[in-house]
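Enquirer: A structural model of the following input is requested.
(one chain, ligands or ions: 3)
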Amino acid sequence: MGKISPRNTEKKQRSIGGLYQRHRMWNIARLAASNLSRSRRFSTAIPGPCIVHKRGADILHDPWFNKDTGFPLTERDRLGLRGLLPPRVISFEQQYARFMESYRSLEKNTRGQSDGIVSLAKWRILNRLHDRNETLYYRVLIDNIKNFAPIIYTPTVGLVCQNYSGLFRRPRGMYFSAKDKGEMMSMIYNWPAHQVDMIVLTDGSRILGLGDLGVQGIGIPIGKLDMYVAAAGINPQRILPVMLDVGTNNQKLLEDPLYLGLRQPRLEGEEYLSIVDEFMEAVFTRWPKAIVQFEDFQMKWAFETLQRYRKRFCMFNDDIQGTAGVALAGLLGSVRAQGRPLSDFAHQKIVVVGAGSAGLGVLNMAAQAVSRMSGSGEAAVKKQFFLLDKDGLVTKERKELDPSAAPFAKDPREIEGLREGADLVEVVKKVKPHVLLGLSGVGGVFNEEVLKAMRESDSSKPAIFAMSNPTMNAECTAADAFRHAGENIVFASGSPFENVDLGNGKVGHVNQANNMYLFPGIGLGTLLSGARFITDGMLQAAAECLASYMTDEDIQNGILYPSINSIRNITAEVGAAVLRAAVAEELAEGHGDVGPKELKNMSKEMTVEYVRSNMWFPVYSPLVHEK
Ligand SMILES: NC(=O)C1=CN([C@@H]2O[C@H](COP(=O)(O)OP(=O)(O)OC[C@H]3O[C@@H](n4cnc5c(N)ncnc54)[C@H](O)[C@@H]3O)[C@@H](O)[C@H]2O)C=CC1
Ligand SMILES: CC(=O)C(=O)O
Ligand SMILES: [Mg+2]
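Expert: Ligands and ions are numbered 1, 2, ... in the order given. Reported below is the predicted structural model:
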């Protein structure tokens, strides 16, 4: 871990107003088509200049521009920095090595301490770098993504949110509260960047499986956007994490004197919606081409806001739509793992535990896929799906059946031997499902008895997906899954687990079924397409792209998803698939100087290269001061 990637003086520079040198990027895409080798294309490029409107100490205190001791002497003169730094100039590579050395020392010094303490210490050292020097921060993140994703993303981000008010040192992103009603249209102009491409928004009401964390949920948009920079190369000057603080129903937080959010119960009904409406209007007034990702909203608002905005604004709900695509890709992979043709998906019995935004999102997308494959109407294909929530099996006899779950509620006449509210063990024993998929947020709900019952599955390779986050909330651990359900399962979890040593020279492969494999590509592909909406077709293209990414050999070894180390590659492919779907649906209006006609004329390979060439990569650019 920790060797700086050989990726040279890259192609993309940062500056205030946008600065993706679009003509150049487009040329790069064309060069790609003419088979110029990757190394030749990039190795001789000199970073272009970056315009900065500040001077002196203001630059040192701005993490977008700060290079710490890395400012060359000529730049120190130009920018009024001479004397504000120790005289020796330290190269980017040396700074990188120094940071990694401190990180390794921290690992050594915290050995033996509890996981929580170690993870928070790691988060703090990364966060301090993030606050000081974003170029170096994103470079270490990109180069060490496998090690650092569990710190800046799930599971540690959950712990960070739980402790946010205590950990708070500096603000990051924007905070809109119920007290800002009527002010948002002007507040949005307080954000210092001229252009914003990607916004991740939460109201903190369902943070991972940790429940209502109020304003402390801001850690989630920050972590998601870090993944956008790392995986999709969205320029960090063009991202915006947002907290919509409409109060909290978490009594512990309301009573905590250090709690930093509004100390009032959550707004409900029209009052709530009027706040979200005002925010959306404000964002799209200032940045009409931005994309808003809704994240970790409690179910009722997740579905309601998706319906309300998806045809008005460029937005999507990651928990409903991103998760569904990732799960579907994994489910199709598990069909291939059994050596069956994909069309067999129409006959797989799937038990989904958790009837929330994520579980229902997965079922809806799976039903669409089966319907496409079998040519039957969606209603006819739902027979193979079994849905459970906290009260057990969901049937049409359920009192106060949620309308979003209703299409998947079983008719008691169709499920002989099972009853309304049947518990999970009963259901698994009776149904013998091919797939057991958890999105319940409840740790350990796939207990020994449930996992042992999966040994009787009708599948030759039963799939167990414990997708809830963070780690403590996973429906089971990887080790328990292989121990109790047998060695021939395929296993995936939402948060990372180590592969399992099966004790006979074999290894049980652990997949990470997390929406991180899709949302960066959905965002980047949509951005470059210039589409005003994100359609089901674009999301389906993203899922299909992920599903077809793995080779048969990988799949036979139980590997359903790519390694996180190749997240930029998979994101380029997914982004291209989304962009091409937007073109096919005639929604693509183009981005920058690349118009709809040029997008339409790109081959699949050119589109992938075009997407890749639009990924920002962290290098120090010469700073040029402009008043
Ligand atoms: N791996 C991934 O990419 C993703 C994972 N998730 C995880 O999924 C979980 C759920 O998220 P949402 O659906 O948005 O939450 P939600 O709160 O909308 O739904 C939770 C559902 O689980 C059910 N449930 C609660 N206790 C249960 C029990 N003992 N047995 C069966 N069902 C039970 C509830 O009745 C509810 O239907 C969270 O832990 C979240 O972190 C969510 C999105 C993406
Ligand atoms: C991964 C994710 O989006 C969640 O757990 O909510
Ligand atoms: Mg989420």
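Enquirer: May I have the secondary structure class of residue 437?
Expert: When classified by DSSP: H, G, I helix; E, B strand; the rest coil, residue 437 comes out as strand.
Enquirer: Bridged to it, which residues?
Expert: residue 352, residue 465 (DSSP bridges).
Enquirer: thought it was touching residue 350?
Expert: Yes - using CB atoms under 8 Å, residue 437 is in contact with residue 350, at 6.5 Å. The C-beta positions use only the backbone N, C-alpha and C, and glycine is treated the same way.
Enquirer: Number of residues surrounding the closest residue to residue 287 other than its chain neighbours?
Expert: Distances taken as CB to CB, 6 or more residues apart in numbering place residue 196 nearest to residue 287, at 4.8 Å, with adjacent residues excluded. Residues lying near residue 196 (other CB atoms under 10 Å) number 20.
Enquirer: Distance from the chain centre to the helix or strand hosting residue 325, please.
Expert: Here residue 325 sits within helix 323-337, counting by DSSP states H and E. Distance of helix 323-337 from its chain centroid, counting by CA atoms, centre = their mean, to the nearest Å, is 17 Å.
Enquirer: For it, what does the pLDDT average out to?
Expert: On average, the pLDDT along helix 323-337 is 98.
Enquirer: Can you name the residues of the stretch 351-500 of the chain that neighbour ligand 2?
Expert: 469, 494 (CB under 6 Å from any ligand atom).
Enquirer: Count residues in the vicinity of residue 586, would you?
Expert: Each residue near residue 586 was counted by other CB under 10 Å, and the total is 10.
Enquirer: let me fix that: residue 88
Expert: 7.
Enquirer: same thing with residue 603?
Expert: By other CB under 10 Å, the burial measure for residue 603, its neighbour count, is 10.
Enquirer: hmm, back to that, need the pLDDT of the residue nearest to residue 287.
Expert: pLDDT, residue 196: 98.
Enquirer: which residues touch it?
Expert: Neighbouring residues of residue 196 by CB atoms under 8 Å, 6 or more residues apart in numbering: 238, 239, 240, 286, 287, 290.
Enquirer: That one: which element?
Expert: With DSSP H and E as criterion, residue 196 is part of no helix or strand.
Enquirer: same question, the one 5 residues further on
Expert: Counting by DSSP H and E, the element that carries residue 201 is strand 198-202.
Enquirer: That strand: partners in the sheet, and parallel or antiparallel?
Expert: strand 239-245 (parallel), strand 291-294 (parallel).
Enquirer: Switch those strands over to CSV; also include mean pLDDT, mean neighbour count and distance to ligand 3.
Expert: Converted to CSV, those look like this (pLDDT from 0 to 100; neighbours: other CB atoms under 10 Å; distance: least, CB to the ion, whole Å):
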stretch, mean pLDDT, mean neighbour count, distance to ligand 3
strand 239-245, 98, 24, 13
strand 291-294, 99, 25, 9
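Enquirer: Need the ones you listed in TSV (columns: distance to ligand 2).
Expert: Below are these laid out as TSV (distance: least, CB to the nearest ligand atom, whole Å):
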stretch	distance to ligand 2
strand 239-245	14
strand 291-294	10
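Enquirer: is it possible to export the ones you listed to a markdown table including distance to residue 47?
Expert: Below are the strands paired with strand 198-202 laid out as a markdown table (distance: least, CB to CB, whole Å):
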| stretch | distance to residue 47 |
| --- | --- |
| strand 239-245 | 21 |
| strand 291-294 | 27 |
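Enquirer: Sweet, I'm off.
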